[in-house]
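[1] Fold the following for me, if possible:
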Amino acid sequence: MSNFQLTILLVILFVTAISGIFPFVKKANNPNGFHFPIGEALASGVFLGAGLIHMLGDSAGDFSELNIDYPFAFLIAGITILLFLLLEHIGGSLSRSNKGNLSFMAIMATIMLSIHSFFEGAALGLSEELSVALVIFLAIIAHKWAASFALAININKTNMNFISRFMIFTIFVIMTPLGIVFGQAAQNYVTNPYVEPTFTAIAAGTFIYMGTLHGLDRSVLVKDCCNTKQYSFVIIGFTIMAIVAIWT
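    You can find the predicted model right below:
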């Protein structure tokens, strides 16, 4: 692992942990006052651009170099998007049917966010170009602090004891760093040539989902599609990734 990747791993770990401390110190019950829509919109554009322009293209190119004509990269990315959408629908349905069970809702939110976080980290670990990795890192940070804070609030609304609440939150905190380590290991130590393009395609599907449908009716492209200011930052984020592709 390079010094750069170790640095961003520690920064992500620090930001995620620090962002969730306040609800543990003082059981906050109102997440609505802690919102950064412009950052979320910019991150959505970067996620979408990174998934479509960089990762999906890299995966397709790697499969092509293996003399595989079938568009496996697009198939894997598409399946990933559909699986995340299915999980989010199932999670939403279960949360509605257990609306009074705050512990269940907090655990479901942790599971969903942890899965996303792991594959975001894997995408960072698989990134060979410094410029691409840096932009992906900034996109992750742009939404990570808000996700961490909101999740910590949900966890601390439950009646679970402190150790249980702390352990659940810790699982979320370590998932992106674990993804980075996994991505690096897949790139450096796994000899099977199909592993890297497969996980790059999964990461592409994850990022495309994060940039479009994550949160369903709360997602930026759905909730703020008619808000010119918010939507312009989605375009800016996407444009940044398109420009970065010129040199990568």
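[2] From now on I want contacts and neighbour counts done on CA atoms only, so please keep to that.
    Will do.
[3] now the residue of the chain positioned farthest from its centre, what's its secondary structure?
    Relative to the centre of the chain, the most outlying C-alpha is that of residue 67, 30.9 Å out, by C-alpha atoms, centre = their mean. Here residue 67 is recorded as coil under DSSP: H, G, I helix; E, B strand; the rest coil.
[4] Could you number the chain from 43 rather than 1 from now on?
    With the count now opening at 43, the last piece we talked about shows up as residue 109.
[5] Tell me the pLDDT of it.
    pLDDT for residue 109: 91.
[6] Backbone torsions only: list them for it.
    Main-chain torsions, residue 109, degrees, to the nearest 10: phi 60, psi 40.
[7] Past the helix or strand of the chain with the lowest mean pLDDT, which element shows up next along the chain?
    Lowest on mean pLDDT, DSSP states H and E among the helices and strands of the chain sits helix 262-265, with a mean of 62. Downstream of helix 262-265, the first helix or strand assigned by DSSP states H and E is helix 270-286.
[8] show me where pLDDT drops low in this structure?
    By pLDDT under 70, the low-scoring segments of the chain are 43, 68-79, 81, 134, 137-144, 256-269, 289-290.
[9] Could I get the full set of helices for it?
    For the chain, the helices defined by DSSP state H cover 45-61, 63-67, 79-91, 98-107, 114-139, 144-168, 172-198, 204-230, 237-254, 262-265, 270-286.
[10] Could I get those helices in a markdown table, plus columns for mean neighbour count?
    Shown next, in a markdown table, are the helices of the chain (neighbours: other C-alpha atoms under 10 Å):
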| stretch | mean neighbour count |
| --- | --- |
| helix 45-61 | 17 |
| helix 63-67 | 16 |
| helix 79-91 | 26 |
| helix 98-107 | 20 |
| helix 114-139 | 17 |
| helix 144-168 | 22 |
| helix 172-198 | 21 |
| helix 204-230 | 19 |
| helix 237-254 | 26 |
| helix 262-265 | 19 |
| helix 270-286 | 18 |
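[11] residues in contact with the residue farthest from the centre of the chain?
    The contact partners of residue 109, by C-alpha atoms under 8 Å, 6 or more residues apart in numbering, come to none.
[12] List the contacts of the residue nearest to residue 97 when sequence neighbours are not counted.
    Of all residues not flanking residue 97 in the chain, residue 246 sits nearest, at 5.2 Å (C-alpha to C-alpha, 6 or more residues apart in numbering). Counting by C-alpha under 8 Å, 6+ apart, residue 246 touches 92, 93, 94, 97, 98, 119, 165.
[13] how about the nearest residue to residue 235, chain neighbours excluded?
    The shortest distance from residue 235 to any non-neighbouring residue, by C-alpha to C-alpha, 6+ apart, is to residue 108 (7.9 Å).
[14] what's the distance between that neighbour and residue 238?
    12 Å (C-alpha to C-alpha, to the nearest Å).
[15] cool, residue 82 as well?
    Going from residue 82 to residue 238 by C-alpha to C-alpha gives 29 Å.
[16] Please apply the same query to residue 58.
    To residue 238, residue 58 is 27 Å away according to C-alpha to C-alpha.
[17] go on, residue 120?
    17 Å.
[18] Residue 112 now?
    Taking C-alpha to C-alpha, one finds residue 112 at 17 Å from residue 238.
[19] still on that earlier bit, same list (the contacts of residue 246) but as a markdown table, adding distance to residue 133.
    As requested, the contacts of residue 246 are exported to a markdown table (distance: C-alpha to C-alpha, whole Å):
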| residue | distance to residue 133 |
| --- | --- |
| 92 | 26 |
| 93 | 24 |
| 94 | 26 |
| 97 | 27 |
| 98 | 27 |
| 119 | 21 |
| 165 | 24 |
